[in-house]
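**Student:** Can you look at this prediction? I've put the sequence above it.
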Amino acid sequence: MKILLVEDEEKLAETLAKGLKHEGYIVDIIGDGQKALTRISLHRADYDLVILDLTLPSMDGLEICKQMRAKDISTPILVLTGRAETETKVELLLSGADDYLVKPFSFAELNARIQALLRRPAETLPETLRVGTIELNVSQGRAARAGREIPLTLKEFRLLEYFMRHPNQVVNREDLLTHLWDFNYAGFSNVVDVHIKNLRRKLVGDNDKDVLETVRGIGYRLVE
C-alpha cells in the first residue's frame, strides 16, 4: 500500500513515515498543501491513502479535501488535526475526509485507522491470492508454493503480491517503481532487477518451474 503523507512539521512527518514504513507501507512526504494537491491530481492512481494535516502552507487540509472530491479523486483521506471541536470534525467529513485523528495521538491508533480505511472487500480483493501452485496470504504475510513455505523479505512479498494481483500480465519496471518505491527513488538503479532475481530464486526453490518470466525490454510476467 502506498501513502501520501502531507505534513509540514518535518520531525513529525519523518517519525510517522518511519513507523509506517516499518509496517510495510510505501510513503511519500510533501509539506506544502498546493504541491500535495498537484501531486495527487497528477498521480491519483499511485496512492491508496492520503494522510493530511489540517494546517498547511499555501492550502489547508480542508480545501485539499474539497478540491480532491471536486476532481472526483476517490482516494481515502485521513486528516490529522489539533482541533477537537465538533464543528471542525463535521466540516471535515462533509468536505470529503473519510476519517480524522485529533493530535496528539498514538501511532497504534493511527495504524488502526489506516487499516480500517484500507480494508478491501473480500469479494473483489481477497486476502488469500492463488496463482498456479503459489499461495499468498496477505493479512498474515505468508507465502507458499505447493505447500512449501517461502521466506520473503517485505519488499519481495510486496512484489509477489503485485504480480499475483496481475497474473499473466506483463508488468513493466515503471509500474513496479510507482507502486512499490517512493518518489525519492533513484531511477537509474538496478534495485528492481535485484529484487526480482531474489524473488525468482526463492519461488523456484530446488525443483519448481520458473513462473516469473522476463519479457525482454519491457518487464516481467507471473504465469500460471
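**Tutor:** That came through fine.

**Student:** And the strands in the chain?
**Tutor:** Assignment of strands within the chain using DSSP state E yields the ranges 2-6, 26-30, 49-53, 77-81, 99-102, 128-131, 134-137, 142-145, 148-149, 170-172, 212-215, 219-222.

**Student:** Can you tell me what sits against the shortest one?
**Tutor:** Outside strand 148-149, the residues within contact range by C-beta atoms under 8 Å, 6 or more residues apart in numbering are 142-143, 205. Where you see a C-beta, it was placed from the backbone N, CA and C, and this is true even at glycine.

**Student:** Pull the contacting residues for M59.
**Tutor:** The neighbours of M59, taking C-beta under 8 Å, 6+ apart as the test, are 32-34, 36-37.

**Student:** now, which of the residues you listed sits nearest T81?
**Tutor:** G33 (13.9 Å; C-beta to C-beta).

**Student:** That closest one and L62, how far apart?
**Tutor:** 10 Å (C-beta to C-beta, to the nearest Å).

**Student:** Kindly report the same for L180.
**Tutor:** 31 Å.

**Student:** in the lowest-mean-pLDDT helix or strand in the chain, what's buried?
**Tutor:** The least trusted helix or strand in the chain, going by mean pLDDT, DSSP states H and E, turns out to be helix 173-180, with a mean of 77. Residues 173, 176-180 are the ones in helix 173-180 that count as buried (16 or more other C-beta atoms under 10 Å).

**Student:** what do you get for stretch 91-108?
**Tutor:** Applying 16+ other C-beta under 10 Å to stretch 91-108 flags 92, 95-98, 100-102 as buried.

**Student:** which pair in the residues you listed spans the largest distance?
**Tutor:** Farthest pair in these, by C-beta to C-beta: G96 and V102, 18.3 Å.

**Student:** thinking again about what came up before, which one of the buried residues of helix 173-180 sits closest to Y25?
**Tutor:** Top of the list for closeness to Y25, among the buried residues of helix 173-180 and by C-beta to C-beta, is L180 at 10.8 Å.
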